[in-house]
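K.L.:
Pasting the sequence and the predicted model now:
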Amino acid sequence: MTTNTIYQFYRLLEKDIISFSYRGSFSNNVLTMATQLFKDNVEERHEKLRNKLSFLMIESFQNISRYADSEEEISLDDNSEFFMTRNIGDTFYVISANLIDNDKIPMVREKLEQVNTLDKSELNKLYREVLTNKQINEKGGAGLGFIEMVRKTKGKLPFDFVTIDNKQSMFFMQIELRNPKVDDGLPSISLSDAKQIQALVAQENILMMHKGDYSEDAVGPMLKMVEENMQNVSLKIHKKIFHFLVEILQNISKHSYALDGKHEGIFQIGYDHKNFRIGTGNFILNSEIENLRNLLDMVNSKTVDELNALYRKYLREGKITNSGSAGLGLIDLARETLDKINYEFMKINDTYSFFSLTVKF
Amino acid sequence: MSEPINLEKTKNSPEIILDKGASIFKIAGRSIVEDPKEFYTPIYNWLKDYIKAPVKVTNFVFDLEYFNSSSARQIMEIIMLLEKIPATGNKVKVDWLYEEGDEMSKERGDEIKLVSKLDFEIKEYPAEDF
């Protein structure tokens, strides 16, 4: 994960109002928090869709765990399970990707092709049939899941299998949920979009990614989500992640350039088997770049001892630079990160730029 | 004598008890408020009044699992007020508590101890069982 990775994702997710993705071993905890995140943050006009969305997220998520052929603990690699929910315009997308044994593909394909050809009354009929049929799939009613999904999605359920080797493939599926009351008129996002995002997430070792509004009241649920999902790492790492996130996210909410009243931002947590990385991206006024760059270069040029001295001086005197407490947060990041604070400014137009930053620990 | 302050902890702000009568002075929990200055102003004002006539030994307890960098500055303001107590002929002691294994809270305590002029003790307590 580099500052450029963050920019690439920002471009890929440019139209997303909220998006959240998770890669790795799945627990119900992740699911609970992800559904909560969307429940708390979807806009008022989608109020009626909330339950449907939660239902589809749960169904899709459980489908991953049901089809995932993992008897042992899943290790994080390029083929780890992937789950994503996106809100673009007035439409929601629920995407899942997981490993499947090649010999099971024909069975899954057949089921999906079947549900994709049926109309609503045929689907209802099939649903009742499967419900009362004793010959249920050995992994537990997966047929019902597909029927439920296709009944709630717009049109058909797009799916695909990407071969990994002669034993396994990656199984992609995308559910599209439209608000019947409002139509944004936007074309549907294709499954290849999701495949591209998953490939980049895997390549860059990203565990968790969120894009959304980082105004003060949106930061809280995000922190809670990360906190609850980091219970299995040591207290030391857990604290560090939390520490970095508080500083960085509060910085976005306080200092980023707001577009249409929203402090849009993106954040990622990555893990490369050795170190964690946190990356964020947000907009900043071009007129503020010079100050920020000076401050970043200043903290990056100091040794940890010098940074400690600066921090301590600030504690007693309350002043180190003209920028006030923003400087304290950056000093703190600089002395905790394992290398420098990596940053980049990408000009968007004459008014504002995209500012991305990564720290490693 | 000022009325005691008794704030319950929230998801962003710590529990605060300042009670001269009961001789309890404590800040515990998490402090990640976005505007710490506003949050800590009443605390600061209470203490400013309190240090004019403190109890014989003020034992101030910090038990902070986490605080953001802007809260750090406000915590230091409180400590600097407490530094004025010895001049009144009374004593003051700070206990900085942290949970076993929580290196970050310990390090933050070490750092504040280093810059403070107080009798300052850093104490570990056993990790909670879940």
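P.N.:
That came through fine.
K.L.:
can you tell me how far the closest residue to residue B:19 other than its chain neighbours sits from chain A?
P.N.:
Leaving aside its chain neighbours, residue B:19 sits nearest to residue B:4 (3.9 Å; criterion: Cβ to Cβ, 6 or more residues apart in numbering or on different chains). Quick note: C-beta positions are derived from backbone N, CA and C, even for glycine. According to Cβ to the nearest Cβ, to the nearest Å, residue B:4 stands 28 Å off from chain A.
K.L.:
what's around residue 126, how many residues?
P.N.:
You didn't pick a chain, so chain A it is. Neighbours of residue A:126 under the rule other Cβ atoms under 10 Å in any protein chain shown: 20.
K.L.:
oops, I was thinking of chain B
P.N.:
Neighbours of residue B:126 using other Cβ under 10 Å come to 8.
K.L.:
hang on, it packs against residue B:100?
P.N.:
Yes. If you go by Cβ atoms under 8 Å, residue B:126 and residue B:100 touch, sitting 5.3 Å apart.
K.L.:
Which SSE is immediately downstream of the helix or strand containing residue A:225?
P.N.:
Taking DSSP states H and E as the criterion, residue A:225 maps to helix A:216-229. Of the helices and strands lying after helix A:216-229 in sequence (DSSP H and E), the nearest is helix A:235-255.
K.L.:
Show me what that following helix is packed up against.
P.N.:
Packing contacts for helix A:235-255, counted by 3 or more Cβ pairs under 8 Å, 6 or more residues apart in numbering or on different chains; DSSP states H and E, involve helix A:216-229, strand A:264-271, strand A:276-285, helix A:325-336, strand A:352-360, strand B:57-67, helix B:103-115.
K.L.:
one more time with 6 Å, if that's ok
P.N.:
helix A:216-229, strand A:276-285, helix A:325-336 (3 or more Cβ pairs under 6 Å, 6 or more residues apart in numbering or on different chains; DSSP states H and E).
K.L.:
Rounded mean pLDDT for the longest one, please.
P.N.:
Pointing back at helix A:216-229 there. Average pLDDT, helix A:216-229: 70.
K.L.:
now swap in the last one and tell me
P.N.:
Within the predicted structure, the mean pLDDT of helix A:325-336 is 80.
K.L.:
Put the alpha carbons of it into CSV.
P.N.:
The C-alpha trace of helix A:325-336 is given here as CSV (Å, rounded to 0.1, in the frame of the first residue of the first chain):
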residue,chain,number,x,y,z
SER,A,325,-2.7,21.3,17.7
ALA,A,326,-2.7,19.9,14.1
GLY,A,327,1.1,19.8,14.5
LEU,A,328,0.9,17.8,17.7
GLY,A,329,-1.0,15.0,15.9
LEU,A,330,1.5,14.9,13.2
ILE,A,331,4.5,14.8,15.6
ASP,A,332,2.7,11.9,17.3
LEU,A,333,2.2,10.0,14.1
ALA,A,334,5.8,10.7,13.0
ARG,A,335,7.3,9.3,16.2
GLU,A,336,5.1,6.2,16.2
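K.L.:
Give me the contacts around it.
P.N.:
With contacts defined as Cβ atoms under 6 Å, 6 or more residues apart in numbering or on different chains, helix A:325-336 is touched by A:247, A:251, A:295, A:299, A:304, A:307, A:310-311, A:314, A:320-321, A:341, A:359, B:69-70.
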